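Novice: requesting a structural model of the entry that follows:
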Amino acid sequence: MSRAETRAGTEAPGAAAESTAADPVAAGPAAAKGAGAVAGAGRPVSPLWSLGLLRSELLITFRRWRTLALLAVLAAVPVLIGIAVRIETGDGSTVGGGDRAGGQGAGGPAFLAQISNNGLFLVFSALAATLPVFLPMAVGVVAGDAVAGESSGGTLRYLLVAPAGRTRLLLTKFATVLSFCLAATLVVAASALAVGALLFPLGDLTTISGTRISYADGLGRALLIALVVAASLVGMAALGLFVSTLTGSGIAAMATTVGLLITVQILDQIPQLDALGPYFFSHYWLSFADLMREPVYWDDLIRNLGLQALYAAVFGSAAWARFTTKDVTA
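Specialist: Model (predicted):
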């Protein structure tokens, strides 16, 4: 089913009649505002209408085959990691080639080396493995397509004649992308938790600091880490939404957003740019590991959340300024 057909099935009953006012939308933002006032005359926008628009966006986003494929790939990463660790440690050795008596294998990451001892560590390892590339790339695809995809599909002008207005529509798009950030992160965490329980023992676990905590406490920290990882993607989501307002091609917006992600990741690894590193949205992504310390190190976690909020404010405002002033011709 095409985007236009899907959108047609979720619009309000009066959308077809209002579509005759689409020409003023194409003429520019001032004319669009006037058309919206005429279309919505006598029926002010209600919160229930806004919730209906959000529900429509969520259904359309999560029913797309592309979205389901992205979530399936994300769910497969913990499975592959779990199977690989199970095979490598089947003879009693640890990850990296050491032995159990020798502790952590040579060069083995702190979380990865502990998976064979406690399956809950697969959650932390899977999030650490997917956060640098897979999760932000999936978010970049969804965010980049949010507005530009509507434009290339020919449905954006029909949305703009509804009484919601451009600001409310953009906020709905952003909320949908943030929902995907949370859903994608929880898919990785849930898949890792299930695979870890099937392939490895569970029980009390040892933190990075060497202290022991209960399995229930470990589950609580795993949920908190998943929420922090989802929040770490907010800056990427805002950047992708801004790029999506710059072009009428969904593919171009997705490619640009993913390209910016790769560029920022490379720049963050150049020693000569260390002074700029703390300002890159990906710089503090792996700070979630500090939640597995006792006591928890909050400094980098707070910096990460503050940086994501800053990116959301800057690029969210830029997206609003662009979207509310652009001419919509499709």
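
Novice: look up phi and psi at Gly119.
Specialist: When read as degrees, to the nearest 10, the backbone of Gly119 gives phi -60, psi -20.

Novice: tell me, how many residues neighbour it?
Specialist: Counted with other CB atoms under 10 Å, the neighbours of Gly119 add up to 24. For glycine as for every other residue, the C-beta is placed from the backbone atoms N, C-alpha and C.

Novice: try the one 10 residues further on
Specialist: Counted with other CB under 10 Å, the burial measure for Ala129 works out to 20 neighbours.

Novice: give the full set of residues in contact with it.
Specialist: 77, 81 (CB atoms under 8 Å, 6 or more residues apart in numbering).

Novice: surely it forms part of a helix?
Specialist: Yes: judged by DSSP: H, G, I helix; E, B strand; the rest coil, Ala129 forms part of a helix.

Novice: can you map out the strands along the stretch 101-250 of the chain?
Specialist: For the stretch 101-250 of the chain, applying DSSP state E, counting those that start in this stretch gives strands covering 205-206, 212-213.

Novice: pLDDT-wise, which helix or strand of the chain ranks last?
Specialist: In the chain, the helix or strand scored least confidently by mean pLDDT, DSSP states H and E is helix 15-18, which has a mean of 38.

Novice: what about the lengthiest helix in the chain, average pLDDT?
Specialist: Longest helix in the chain by number of residues (criterion: DSSP state H): helix 165-199. On average, the pLDDT along helix 165-199 is 93.

Novice: now do the buried residues in that helix.
Specialist: Across helix 165-199, burial judged by 16 or more other CB atoms under 10 Å covers 165-166, 168-174, 176-181, 183-189, 191-196, 199.

Novice: OK, contacts around the spatially most central residue of the chain?
Specialist: By CA atoms, centre = their mean, the chain has its centre lying nearest to Cys181, at 2.7 Å. Contacts for Cys181 (CB under 8 Å, 6+ apart) come out as 139, 230, 233-234, 237.

Novice: also Arg66?
Specialist: Per CB under 8 Å, 6+ apart, neighbours of Arg66: Val141.

Novice: wait, what's in contact with the residue nearest to Thr176 when sequence neighbours are not counted?
Specialist: Using CB to CB, 6 or more residues apart in numbering and skipping the chain neighbours, the partner closest in space to Thr176 is Glu57 (4.4 Å). Listed by CB under 8 Å, 6+ apart, the contact set of Glu57 reads 172-173, 175-176.

Novice: highest average neighbour count across the strands of the stretch 101-250 of the chain?
Specialist: strand 205-206 (a mean of 20; mean count of other CB atoms under 10 Å).

Novice: which helices and strands does that one pack with?
Specialist: Judged by 3 or more CB pairs under 8 Å, 6 or more residues apart in numbering; DSSP states H and E, strand 205-206 is in contact with strand 212-213.

Novice: which strands border the strand it packs on, and is each parallel or antiparallel?
Specialist: Sheet pairing of strand 212-213 (DSSP bridges) gives strand 205-206 (antiparallel).

Novice: below-threshold pLDDT in the stretch 201-330 of the chain: ranges please.
Specialist: Counting by pLDDT under 70, the stretch 201-330 of the chain shows low-confidence ranges at 327-330.

Novice: ranges for the helices of this protein?
Specialist: 3-8, 15-18, 22-27, 29-39, 47-63, 65-88, 121-130, 134-153, 156-160, 165-199, 215-232, 234-244, 250-267, 299-323.

Novice: and Gln114, which of those is closest to it?
Specialist: Set against Gln114 and scored by CB to CB, the helices of the chain come closest in helix 121-130, at 4.3 Å.

Novice: could you check the angle helix 134-153 makes with the closest one?
Specialist: Here the directions of helix 121-130 and helix 134-153 differ by 50 degrees (axes from the mean of the first three to the mean of the last three CA atoms, to 10 degrees).

Novice: pLDDT (mean, whole number) over helix 121-130?
Specialist: On average, helix 121-130 scores 92.

Novice: for the residue lying closest to Arg322 once chain neighbours are set aside, give its distance to Phe280.
Specialist: The shortest distance from Arg322 to any non-neighbouring residue, by CB to CB, 6+ apart, is to Thr245 (4.4 Å). Here the criterion is CB to CB, to the nearest Å. By it, Thr245 lies 22 Å from Phe280.

Novice: next: Met236.
Specialist: 11 Å.

Novice: which of the two has more neighbours?
Specialist: Just comparing Met236 and Phe280: by other CB under 10 Å the higher neighbour count belongs to Met236, 29 against 18.

Novice: the closest residue to the more buried one other than its chain neighbours - how many residues pack around it?
Specialist: Among residues not flanking Met236 along the chain, Pro136 sits closest, at 4.8 Å (CB to CB, 6+ apart). By the measure other CB under 10 Å, the count of residues near Pro136 is 30.

Novice: residues in contact with Pro136?
Specialist: By CB under 8 Å, 6+ apart, the neighbours of Pro136 are 233, 236, 261, 282.

Novice: does Phe242 really touch Ala319, like I thought?
Specialist: Yes: here Phe242 reaches Ala319: they are 4.1 Å apart, a contact under CB atoms under 8 Å.
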